[in-house]
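return atomic coordinates for the entry below.
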Amino acid sequence: MRLTKTAVGVIFLSAIFNDSYAAYDWSLDSLSVSGGAVFSDDFNDGDRSSLPTSALIDVIGTTTEAGGFLRLTDVDGTGPSFFFPSDFVMDQANLASPFIDTNDVGTIVQANFMPDLAALQAGPSGVGYGVAVTGTTDFVGFTSFASLGVYSDGFGNAIAVFQNSALDVIDFAFVPTVTGNIVLELNATLQSDSVSARYSTDGGANFFDLNAGGPITVTDHGIVSVFGYGAAIVPVPAALPLLASALMVLAGVRSTRRKT
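Sure, this is the predicted structure:
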């Protein structure tokens, strides 16, 4: 089955407007920021309240550190987010320091997740995890963002998706198998307001670009965040009334994924 970017966007938009949610339990193995800003944490010390882990501030839900991972789970996930409805269940932690400066010429953000591929493939549409760079002028509100996540499409598939603040799907790829951790990478060059994406399914040995629609424009200072979603179970008939509004949000994004 070949999906357009618009179809993928409809899957996730339809998921978030329902009120029935799935359990999730995602494990972030490590997070690193290199280049203009520098941060690294492998979450092996078991101490959520001390540096470097304490630099990750829970803004939605409560993340924990255990077993060598930062845990994002539905047990303490909550809402709202800055772009999702108030009843959407999620965890989100923002990196308070360092932030990516507006004059930055190349910062690489890598979020190394345990793949949990079976849970993704069995899950409802939209459940998943990821990393984002959010543009902000005052470190409270946001001006733009670029997110890279791996989600369930609700049909037994896991999909890597690169999205902007309008929830336009810039590019996506099916993730049928993994041989190691899933590494999600954002390359931020905020001097030119640009963020590009790529991902790995073998722990970072090989990467695949997700930039068929071009890099995403992110302005102002950049804040790094990691997130985990618990998405709604949406039967096909229930999703149909949402089609028109979803297409309005994703207007103009009609091209299919190019092979790389």
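
CA atoms for contacts and neighbours, from now on please.
Noted.

residues touching Asp220, list them.
For Asp220, the contact set (CA atoms under 8 Å, 6 or more residues apart in numbering) comprises Asp101, Thr102, Gly135, Thr136, Thr137, Thr143, Leu190, Asp193.

could you work out the most separated pair of those?
The two members of the contacts of Asp220 with the most space between them (CA to CA) are Asp101 and Thr143, at 14.5 Å.

so between those two, which is more surrounded?
Per other CA atoms under 10 Å, whichever of Asp101 and Thr143 has more neighbours is Asp101, with 19 against 15.

count of neighbours near the nearest residue to the more buried one once chain neighbours are set aside?
Once flanking residues are discounted, Asp101 sits nearest to His221: 5.1 Å by CA to CA, 6 or more residues apart in numbering. His221 has 23 neighbouring residues, counting by other CA under 10 Å.

I figured His221 hits Asp104, correct?
No: with contact defined as CA atoms under 8 Å, His221 does not reach Asp104; the gap is 9.1 Å.

could you pull out the helices in the protein for me?
5-16, 117-122, 236-239, 243-249 (DSSP state H).

ok, Val133 - contacts?
Per CA under 8 Å, 6+ apart, neighbours of Val133: Phe145, Ala146, Ser147, Leu186, Ala188, Val218, Gly222, Ile223, Val224, Ser225.

distance check, it against Thr179.
27 Å (CA to CA, to the nearest Å).

quick one: stretch 36-46 to chain centroid distance?
19 Å (CA atoms, centre = their mean, to the nearest Å).

dump that stretch to CSV, keeping only the CA atoms.
Output in CSV follows, covering the C-alpha atoms of stretch 36-46 (Å, rounded to 0.1, in the frame of the first residue of the first chain):
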residue,chain,number,x,y,z
GLY,A,36,26.8,24.8,18.7
ALA,A,37,25.0,23.4,21.7
VAL,A,38,26.3,20.4,23.7
PHE,A,39,24.4,17.9,25.9
SER,A,40,24.7,14.2,26.5
ASP,A,41,22.9,11.7,28.7
ASP,A,42,22.8,7.9,28.7
PHE,A,43,20.4,7.8,31.7
ASN,A,44,22.5,5.2,33.4
ASP,A,45,23.0,6.8,36.8
GLY,A,46,19.3,6.3,37.8
